[in-house]
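Colleague: Got a sequence here, can you build the structure:
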Amino acid sequence: MSVVIETTIGDFTVDLFTNERPQTCRNFLKLCKIKYYNWSLFHTVEREFIAQTGDPTGTGKGGESVYGMVLGEKARYYEAEQMPKIKHDQAICDDVGHRPLQDIRISHTVILEDPYDDPKGLEIPDRSPGPTEECLKSDRIGADEAIDDTAGMTEEEIIEMRKNKEAKAAATILEIVGDIPDADIAPPENVLFVCKLHPDTSDDDLEIIFGRFGQIIGCEVIRDHKTGDSLQYAFIEYADRKSCEDAYFKMNNVLIDDRRIKVDFSQSVAKMRWRGKGKGILHLNDNQAQNRNSKDDRKRPRSRSRERTERKRSRSRGRNERKRSKSRERRDRRRSRSRDRKVRQERRRSKERERNERRERSRSRERKDRRRSRSKDRRNKYDHKKHR
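Modeller: Below you'll find the predicted structure:
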């Protein structure tokens, strides 16, 4: 059982528990049927808790039930029933009464199915009534009033506002990841960023060239920490803001060492460190900043998760090594058994060869002996015949 409620900011569907809360559901359905809620104001909205409406006065102190309309003032109230919670997250409310800053009103209600009979004397209108002047009186932003932050602004001002919002969002992300101490931190106003330098341009050359605009506190060409080669950009810090601005306007796109340089105000906060919540920001000098960078370059201590990962990897390596050693041992044993088998087979073959050779020799001697004995017998027979 559901009712579709059309509001000035969108539609939503209310599921009714007609079996569990019959009195409340019947009252709600009949009031929707007579268009009682049309143009009613959502006077209280609490995030993920409740959204209250249905009071024609818009204060939350008025209104009546359908039983009071039909049976009289004595039946205005009925026994309360527990209602399911309704979450509503789209409205921006004030902190005092949880009232939306822009009016949210019910424009129409659609009953998908009504299981209850209409009470006697209930008058149902033919069409939805329009809003009255008293109903629309409000000190808040109107429901049909469009909110445009860029009204009356030029295109340049709109672009500037968008850039500021994007910069603020990027600063918030940098604060979350820990790259800057605070999202609202501003870089120093007396430091210039110079880029597109010639690789041979040194700190002294820049200090001489930019020194005519005012006192320079520090001038440094950033170099590779391994090779010492120039990275072709530098930072120049002046003693006051006025000198920095003069150098910015005069030195941008100037030719130095056959290179047309680019000059801008520095956006680096490398020399700033957050002391902690409520303790402000510490501005570091060059030595402190260098020490800080050197500390950052050192190998950081391993976290517990990395230690656990290393332990798991070492255990896995140990298991794999043990498996490999066992497999090598098994392979060596198989090879040794195979060699032993081959040696035994070779010995058997050699013994068989020797045995066969002995047999062959003995056979050959026997054959010779038999031939000799036959020959001797034949001679004896011949001699015997001859003497006869």
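Colleague: got any ranges where the protein has weak pLDDT?
Modeller: The chain contains residues with pLDDT under 70 at 1, 48-49, 80-104, 106-108, 112, 131-149, 179-181, 269-306, 385-388.
Colleague: Go again with 50.
Modeller: Applying pLDDT under 50 to the chain flags the ranges 85-89, 274-281, 292, 295-303.
Colleague: And the strands in it?
Modeller: Assignment of strands within the chain using DSSP state E yields the ranges 2-7, 10-15, 44-46, 50-52, 106-111, 191-195, 216-223, 230-238, 255-256, 259-260, 262-265, 272-276, 280-283.
Colleague: What angle do strand 10-15 and the first one make with each other?
Modeller: Counting by axes from the mean of the first three to the mean of the last three C-alpha atoms, to 10 degrees, strand 2-7 lies at 160 degrees to strand 10-15.
Colleague: For Thr59, give me its contacts.
Modeller: Applying C-beta atoms under 8 Å, 6 or more residues apart in numbering, we find Thr59 in contact with His43. For the C-beta atoms, the positions are set from N, CA and C on the backbone; glycine is no exception.
Colleague: gap between it and Ser362?
Modeller: Distance, Thr59 to Ser362, by C-beta to C-beta, to the nearest Å: 135 Å.
Colleague: Please apply the same query to Leu206.
Modeller: Distance from Leu206 to Ser362, by C-beta to C-beta: 111 Å.
Colleague: And the two? Which one has more around it.
Modeller: Using other C-beta atoms under 10 Å as the criterion, Leu206 and Ser362 rank with Leu206 on top: 23 against 10.
Colleague: Do I have it right that that one meets Phe193?
Modeller: No - at 12.0 Å, Leu206 does not count as touching Phe193 under the criterion of C-beta atoms under 8 Å.
Colleague: intersection of neighbour lists for those two?
Modeller: In contact with both Leu206 and Phe193: Ala234, using C-beta under 8 Å, 6+ apart.
Colleague: follow-up on the earlier one: got the strands of the chain as TSV, with mean neighbour count columns?
Modeller: Listed next are the strands of the chain as TSV, based on neighbours: other C-beta atoms under 10 Å:
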stretch	mean neighbour count
strand 2-7	16
strand 10-15	12
strand 44-46	17
strand 50-52	17
strand 106-111	16
strand 191-195	20
strand 216-223	16
strand 230-238	19
strand 255-256	12
strand 259-260	13
strand 262-265	15
strand 272-276	13
strand 280-283	12
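Colleague: Format these as a markdown table; extra columns: distance to Gly121.
Modeller: As requested, the strands of the chain are exported to a markdown table (distance: least, C-beta to C-beta, whole Å):
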| stretch | distance to Gly121 |
| --- | --- |
| strand 2-7 | 23 |
| strand 10-15 | 26 |
| strand 44-46 | 31 |
| strand 50-52 | 28 |
| strand 106-111 | 19 |
| strand 191-195 | 81 |
| strand 216-223 | 87 |
| strand 230-238 | 85 |
| strand 255-256 | 94 |
| strand 259-260 | 90 |
| strand 262-265 | 78 |
| strand 272-276 | 71 |
| strand 280-283 | 72 |
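Colleague: So for Arg319, which of these sits nearest?
Modeller: strand 272-276 (45.5 Å; C-beta to C-beta).
Colleague: so what secondary structure elements neighbour the helix ranked longest in the chain?
Modeller: With secondary structure taken from DSSP state H, the chain has its longest helix at helix 304-387. If you count contacts as 3 or more C-beta pairs under 8 Å, 6 or more residues apart in numbering; DSSP states H and E, helix 304-387 packs onto no helix or strand.
Colleague: Which one of the strands of the chain lies nearest to Arg313?
Modeller: strand 272-276 (35.4 Å).
Colleague: Any chance of the backbone angles for Gly58?
Modeller: phi 80, psi 10 (degrees, to the nearest 10).
Colleague: Just grab the bridge partners of the nearest residue to it once chain neighbours are set aside for me.
Modeller: Nearest residue to Gly58 in three dimensions, chain neighbours excluded: Leu41, at 4.0 Å (C-beta to C-beta, 6 or more residues apart in numbering). On the basis of DSSP bridges, Leu41 is bridged to Arg105.
Colleague: how close does Met161 sit to Cys219?
Modeller: Met161 is 36 Å from Cys219, by C-beta to C-beta.
Colleague: try Asp246
Modeller: Applying C-beta to C-beta to Asp246 and Cys219 gives a distance of 16 Å.
Colleague: Number of residues surrounding Thr154?
Modeller: 9.
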